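# here is a sequence together with a model predicted from it:
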Amino acid sequence: MDDKARIHALEEMIQVVLLAIPREISAYEFYQSAVKKSATDESRELFTTLALQEKGHEAELKKILQNLKEELQQIKGR
């Protein structure tokens with residue numbers, strides 16, 4: 001893949017990740033709200049687990065975003 005095509009691909013991936021991060025944050029907030037509304041310990045535990053998974057997804061996406069941006073800068077800097 002030539003540099004121009006790689007730059008385009010990286011820019012597209014960055015845009016997708018930038019769209020995904022707020023969705024993970026929203027899902028985290030949804031599950032946190034569900035924890036507060038839960039009537040049983042079992043349901044609170046489930047929603048807490050799901051919320052923590054969303055936080056993990058957000059962190060992973062932020063790492064991916066950083067890596068994509070670094071690669072893009074390297075290619076553009078050539």
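Here it is on my side, so go on. Just so it is clear, the model here is predicted, and its values are computed rather than measured.

# report all helices and strands that the host helix or strand of Ala9 contacts.
Using DSSP states H and E, Ala9 sits in helix 3-37. Using 3 or more C-beta pairs under 8 Å, 6 or more residues apart in numbering; DSSP states H and E, the elements in contact with helix 3-37 are helix 41-76. C-beta coordinates here come from the backbone N, C-alpha and C atoms, glycine included.

# the inter-axis angle of the helix it packs on versus helix 3-37?
160 degrees (axes from the mean of the first three to the mean of the last three C-alpha atoms, to 10 degrees).

# on that earlier part again, now do the buried residues in the helix holding Ala9.
Neighbour-count burial for helix 3-37 flags Leu10, Met13, Ile14, Val17, Ile21, Glu24, Ala27, Tyr28, Tyr31, Gln32, Ala34, Val35 (criterion: 16 or more other C-beta atoms under 10 Å).

# tell me the contacts of the third one?
Spelled out, it's Ile14. Leu65, Leu68, Lys69, Leu72 (C-beta atoms under 8 Å, 6 or more residues apart in numbering).

# mind doing that once more with 6 Å?
Ile14 makes contact with Leu68, according to C-beta atoms under 6 Å, 6 or more residues apart in numbering.
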